[in-house]
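1. Fold the following for me, if possible:
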Amino acid sequence: MVNFSLGGLTKIFYTWNLRVAILLSLSIQTVLLLFAPFRKGTGHKLITLFIWLAYLLAHWSATYCVGVISENQSYTAVYAGNIELLALWPSFLLLHLGGSDTITSFGLEDNELWLRHLLGYVFQAAAAVYIFFMALPNDSVSIPTILLFIAGTIKYVERTRALYLASLDKFRDSMLKKPDSKVEAKVSAQILHSGYNLDYLEVVHFAYLYFNLFKGFIVDLIFSFNEREQSRAFFDKLSPEDALRIIEVQLNFIYGVLHTKIRVMHSVFGCIFRFISFGSIVAALSYFYFAVDKYRFVGIDVGITYTLFLGAIAQDVVALFMLVFSDWTFVALGNHKNVSRLGEIKSSIAATLRWCLVLKNPQWQECHAQHSHRGIKHEVLATPFLFRRWSGSVSGHSLIRYWLKARPSRVHKVKSCLHLACENIIHYLGIDQLIQNKKTAIYDFIHNHGIGRIILNIANITNKAVQFLHISKIISLLGFITMKLIDLLGLADIVDKIRINASLSHQPLTKELWVFIFEEIKRKARFAAHNAEANKRICSAKGEGTLQELGTEGDDLVKLMSYSADVSYDESLLLWHIATQVLYYTTEEVADEKTYNAREFSKMLSDYMLYLLVLKPTVMNSVASIAKIRLQDTSAEAERLFKEKSIKPKEVKKACESILNMDASIELPQDVKEDKTKSVLFDGSMLAKELEKLEEEKKWDLVSKVWVELLSSAAASQCSARTHAQQVSIGGELITFVWVLMTHFGLGEQFHISNGRRRAEKN
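-> Just a heads-up that it's a prediction; the model follows:
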């Protein structure tokens, strides 16, 4: 019985494994084509993981099918009469291995493996040719096989060339060979004097102009004085909203050249070869339908073959549709204000397609701050998911809330377009009033019949039962045993990362925060113009620049400066984070809108910078290792303090008060530290005490500007250009937008101060 069952399973496996695998390969390619573009519009880990698995399975499934078909001796009995179709299928698999237009690489490291992909094509093509000659007793399907082989070869070469062009060495070489564009500079200068309210087409135009001008910063090239001045003069006159729009599109161009086939497709030869490829597939399908006798094949295999044909055609059509409505198409249309006949045609096409740009334009939604009692409103970024160019959110990690296992707080609740539409319909139909009346009636019924008292009595009885059975102690014991098992198995780091991810907050970017960051960087750029030393100080400052600017006098300045200028970057970040959290949770909400905003900016940027330090170690690569040690020691000291003060989980305000009231009788923090600990909890408490002495408005103004300075320093000095480029494929980060903005304002290490041409590399 066992042998019979195993034999039956073996027969089923040999009958269906190839058929299922080749359909799976087609399905994965469809998934990648449709969903891969969404990874730049969200930082959600599950979506990124799903696309990553599909990316890996795509190559595996196609390679597996080719290998199975090449072992045709094992399948002669199973596919009797269908051997010719088996020779046709490897050509489809070459199409699949060529990948979809929307994803050629998952990470930058994949681009460096272009030679491996080229060698892979040689072996896959050799296997397809081998199957073609070994499996065909006659030439009934040889013509469609050859046509598909041509299409598959073109697709595979497209992908390999896209990887080659996106490899960092080739990317750098292409920048060195390209001279500075004087024509583009003139176009920019002309529009400089016309004032700014950029329309959608102008945004794409300028984004592409500065993408070409500054894409060399991905590979650490240094730019000339003229390029810096051109960019700085342009962005100095832009509104913050238009600057955000341009940077969004600019980073979208970077994503396209690094991770898709767009650079290959948007060329004359690319269009020609894609036309040949699509024509070959259509011709192969036509020949197979009209000229091949299909009655001698097994019906299911004929159906699979038609599915593969139609899937390949549908994917090319969808890819063409995406290409037509991409930002690159508007670039290809050129200057739509050209007065020639060709210019009129381009203008008409651009006007017809501009609705696509309207949908992808950043959309702002007015929201009340949820925990504000002053009726303060903010505009938050709420671009629909399908049209996002980046996630539009600012993640955050609060140490104190994490220590106390408190849920992250949310300042704004963004409603989707569907939600808003449903609300409007419900209000228009009067359904909301009906629901409110029903709620009132239910409440009156519960109150009048004493149901509320019954529910309260049941809750009291349940609570007494829990206490009598010592359930809380049992749960605590089980938790203790679980933690010991986790430590024994060496899973503590993994569990800790899961806990940290669960405690993260994800706030939408507010227009007010972006305007604040924009104006601060713009102001600093004006101060650093033509001053190399000032530029360098701004890019490496840890808060001391803001302290000097605001002119805090006497001992206050000395004491505050010691928490920025006299410590390393990671220590300064942790000190200001602890101080910001303590002040935020121990002070009441302020009435003044400006001060309220500064308070919220401080909290959001504080959480965001800690999130980068803990969850994005590649972004903070230069300080991540020592910061991890400081965090461990600080967490241990906080746990001892909370245990001593009997602070229960989720008592955030009480915990912050206990930190603020730490023993301040000793003036120097190092006097109370052991030599081996690197905890910064006491130092953070001392910093909070010093800041508490300031007036409310001045305090939050200072703290918020310090955080912009810490963010700017991280963008310019702590995070490499390659790391910034990696972020665009996983939802994007605010720090990358700040980095690009600083570059446009001439802040950073990418520029000469003196006149000169672009150099090869940064020394």
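
2. Now do the same contact list for Ser277.
-> Ser277 makes contacts with Ile150, Ala151, Ile154, Lys155, Asp316, as judged by CB atoms under 8 Å, 6 or more residues apart in numbering. Backbone N, C-alpha and C define where each C-beta goes, glycine included.

3. All the strands of this structure, residue numbers only.
-> According to DSSP state E, the chain carries its strands in the segments 364-368, 377-381, 393-396, 505-508.

4. Among these, which comes closest to Asp199?
-> strand 364-368 (17.2 Å; CB to CB).

5. Next, the buried residues of that closest one.
-> Within strand 364-368, the residues that count as buried by 16 or more other CB atoms under 10 Å are Trp364, Gln365, Cys367.

6. Can you report how many residues neighbour the residue nearest to Ile626 when sequence neighbours are not counted?
-> Spatial nearest neighbour of Ile626, excluding adjacent residues (CB to CB, 6 or more residues apart in numbering): Asp570 at 5.9 Å. Residues near Asp570, counting by other CB atoms under 10 Å, number 23.

7. now swap in Lys643 and tell me
-> 9.

8. now swap in the one 4 residues further on and tell me
-> Number of residues near Ile647 (other CB under 10 Å) recorded here: 20.

9. got it, and the one 3 residues further on?
-> Lys650 has 12 neighbouring residues, counting by other CB under 10 Å.

10. ok, and which of the strands of the chain has the densest surroundings?
-> Highest mean neighbour count among the strands of the chain (mean count of other CB atoms under 10 Å): strand 393-396, with a mean of 22.

11. before we move on, the earlier item: quick one: the strands of the chain as CSV, columns for distance to Phe132 and mean pLDDT too.
-> Below are these laid out as CSV (distance: least, CB to CB, whole Å; pLDDT from 0 to 100):
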stretch, distance to Phe132, mean pLDDT
strand 364-368, 57, 82
strand 377-381, 53, 86
strand 393-396, 51, 91
strand 505-508, 52, 88
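
12. With distance to Ala312 added, can I get the ones you listed in TSV?
-> Putting the strands of the chain into TSV (distance: least, CB to CB, whole Å) gives the following:
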stretch	distance to Ala312
strand 364-368	41
strand 377-381	38
strand 393-396	37
strand 505-508	39
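
13. closest to Asn531 out of these?
-> Ranking the strands of the chain by proximity to Asn531 (CB to CB) places strand 393-396 first, at 31.1 Å.

14. what's in contact with the closest one?
-> Contact partners of strand 393-396, identified using CB under 8 Å, 6+ apart, comprise 43, 381, 408, 504-509, 513, 604, 606-608, 610-611, 615, 731, 734.

15. Then stretch 117-136?
-> So stretch 117-136 is contacted by 63, 66-67, 69-70, 72, 83-84, 86-87, 90-91, 93-94, 97, 142, 145, 149, 152-153, 156-157, 159-160, 163 (CB under 8 Å, 6+ apart).

16. Restrict that stretch to CA atoms and write it as CSV.
-> This file holds the C-alpha atoms of stretch 117-136, laid out as CSV (Å, rounded to 0.1, in the frame of the first residue of the first chain):
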residue,chain,number,x,y,z
HIS,A,117,23.4,37.6,-15.5
LEU,A,118,25.1,37.6,-18.9
LEU,A,119,26.7,34.2,-18.2
GLY,A,120,23.4,33.0,-17.0
TYR,A,121,21.9,33.9,-20.3
VAL,A,122,24.6,32.0,-22.2
PHE,A,123,23.8,28.8,-20.2
GLN,A,124,20.0,29.2,-20.5
ALA,A,125,20.1,29.9,-24.2
ALA,A,126,22.4,26.9,-24.7
ALA,A,127,19.9,24.7,-22.8
ALA,A,128,17.0,26.1,-24.9
VAL,A,129,18.9,25.4,-28.2
TYR,A,130,19.8,21.9,-26.9
ILE,A,131,16.1,21.1,-26.2
PHE,A,132,15.1,22.6,-29.5
PHE,A,133,17.3,20.2,-31.5
MET,A,134,16.8,17.1,-29.3
ALA,A,135,13.0,17.3,-28.9
LEU,A,136,11.8,18.1,-32.4
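
17. So which bits of that stretch are buried?
-> Under 16+ other CB under 10 Å, the buried positions of stretch 117-136 are 117-118, 120-121, 124-125, 127-128, 130-132, 135-136.

18. For Glu248, give me its contacts.
-> Ala207, Pro362, Arg389, Trp390.

19. Closest to Leu32 out of those residues?
-> With CB to CB as the yardstick, the closest approach to Leu32 among those comes from Arg389, at 19.1 Å.

20. Show the backbone phi and psi for the closest one.
-> Backbone torsions for Arg389, taken as degrees, to the nearest 10, come to phi -100, psi -20.

21. Quick check: the closest residue to Phe330 other than its chain neighbours vs Gly392, distance?
-> Distance criterion CB to CB, 6+ apart; nearest residue to Phe330, sequence neighbours excluded, is Val204 at 4.7 Å. Distance of Val204 to Gly392, computed by CB to CB, to the nearest Å: 19 Å.

22. Equivalent analysis for Lys653, please.
-> Taken as CB to CB, the spacing of Lys653 relative to Gly392 amounts to 31 Å.

23. Now do Leu147 against Cys271, distance only.
-> Plainly put, Leu147 is 19 Å away from Cys271 if you go by CB to CB.

24. quick one: which of the two has more around it?
-> Shown here are Leu147 and Cys271; by other CB under 10 Å, Leu147 has more neighbours (22 against 13).

25. State the pLDDT value of the more buried one.
-> Per-residue pLDDT puts Leu147 at 93.

26. Let me see the contact set for it.
-> Leu147 makes contacts with Ser280, Ile281, Ala283, Ala284, Tyr287, as judged by CB under 8 Å, 6+ apart.

27. and the residues you listed, which of them are in helices?
-> The helices, defined by DSSP state H, take in Ser280, Ile281, Ala283, Ala284, Tyr287 from the contacts of Leu147.

28. And those residues, which is closest to Ser685?
-> Ile281 (68.7 Å).

29. For the closest one, which residues are in contact?
-> Ile281 sits next to Leu95, Leu147, Leu148, Ala151, Phe309, Ala312, Ile313, Asp316 when contact means CB under 8 Å, 6+ apart.

30. now that we have those, which one has the most neighbours?
-> Neighbour max across these (other CB under 10 Å) = Leu148, 30 neighbours.

31. surely that one meets Leu88?
-> Yes. Leu148 sits in contact with Leu88 when judged by CB atoms under 8 Å, with a separation of 6.9 Å.

32. Could you measure from the residue nearest to Ile626 over to Val614?
-> Asp570 is 11 Å from Val614, by CB to CB.

33. mind listing what the residue nearest to Val728 when sequence neighbours are not counted touches?
-> Closest residue in space to Val728, ignoring its immediate chain neighbours: Tyr255 at 4.4 Å, by CB to CB, 6+ apart. If a contact means CB under 8 Å, 6+ apart, then Tyr255 has Lys40, Val728, Ser729 as its contacts.

34. what's the neighbour count on Arg407?
-> 10.

35. so who does it touch?
-> For Arg407, the contacting residues are Arg401, Ser503, Lys650, by CB under 8 Å, 6+ apart.

36. ditto for Tyr210
-> Contacts of Tyr210 by CB under 8 Å, 6+ apart are Ser231, Ile246, Gln250, His744.

37. Which pLDDT value belongs to it?
-> In this model, Tyr210 is scored at 91, pLDDT.
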